[in-house]
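**Q** Sequence and predicted structure below; questions after.
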Amino acid sequence: MATHKIHALYNDDDVLLRAVKQIREQHYHIEEVFCPFPVHGLEKAMGLADTRLAINAFLYGIVGLAVATVMMNYIMIEDWPQNIGGKPSFSYLENMPAFVPIMFELTVFFAAHLMVITFYLRSRLWPFKKAENPDVRTTDDHFLMELDAHGEDIDSITKFLYDTGAVELVLIDKENH
């Protein structure tokens, strides 16, 4: 079954932002917006939910803190207890102030690296992936909005998109798999 997509190109980010609001008011479905740079307020205009990456960062930091605690206890207390300066102290709690910088560093290390990995996995970005950009002009100075036009009157939606400030429209027929 073929579906119709419309690619509407805009040449200004303010015009695009107004167009997104007008299109959502008319209850058309916006599939994706491709921009050459981040547009402030676009995610709210599109009705996208806030990211949960900060929650993941907190959880990854806790994992890093736990790894640092277990690692320092095993290395410095259980596996190879040391008598430094004639002050042996073979309990973790007595030596913990000396381990605080290591615990802090591993907390930050785990949070930062696991957040980057999570971002790439969530965005489906990996090395050698083929670009999904439908128009190369969106890497320079144009903005592309992909709309689902299945079951819509193409002529009326085309006129509406030109009224919102679109400079070019392309009708795409896609086959569903």
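**A** All right, it came through fine.
**Q** Which neighbouring elements make contact with the lengthiest helix in the chain?
**A** Criterion DSSP state H: the longest helix present in the chain is helix 92-122. With contacts defined as 3 or more Cβ pairs under 8 Å, 6 or more residues apart in numbering; DSSP states H and E, the packing partners of helix 92-122 are helix 53-72. For glycine as for every other residue, the C-beta is placed from the backbone atoms N, C-alpha and C.
**Q** So which residues make contact with the helix it packs on?
**A** 92, 99, 102-103, 105-111, 114-115, 118-119 (Cβ atoms under 8 Å, 6 or more residues apart in numbering).
**Q** Next, the buried residues of it.
**A** 56-57, 60-61, 64-65, 68-69, 72 (16 or more other Cβ atoms under 10 Å).
**Q** can you list the residues you listed in CSV and add pLDDT and distance to residue 45?
**A** CSV is the format used below for the buried residues of helix 53-72 (pLDDT from 0 to 100; distance: Cβ to Cβ, whole Å):
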residue, pLDDT, distance to residue 45
56, 93, 25
57, 94, 26
60, 97, 30
61, 97, 32
64, 97, 36
65, 97, 38
68, 96, 42
69, 95, 45
72, 91, 48
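**Q** Now for the residues you listed: which two are most distant?
**A** 56 and 72 (24.6 Å; Cβ to Cβ).
**Q** coming back round to it: after the longest helix of the chain, which helix or strand is next?
**A** Remark: after helix 92-122, the chain's next helix or strand is strand 143-148, criterion DSSP states H and E.
**Q** pLDDT wise, what is the nearest residue to residue 119 once chain neighbours are set aside at?
**A** Leaving aside its sequence neighbours, residue 119 sits nearest to residue 53 (Cβ to Cβ, 6 or more residues apart in numbering; 6.7 Å). Per-residue pLDDT puts residue 53 at 86.
**Q** cool, and residue 127?
**A** Reported pLDDT for residue 127: 85.
**Q** residues making contact with the helix or strand of the chain with the lowest mean pLDDT?
**A** Lowest on mean pLDDT, DSSP states H and E among the helices and strands of the chain sits strand 168-175, with a mean of 83. Identification of contacts with strand 168-175 by Cβ under 8 Å, 6+ apart yields 1-9, 134, 149, 154, 158, 161-162.
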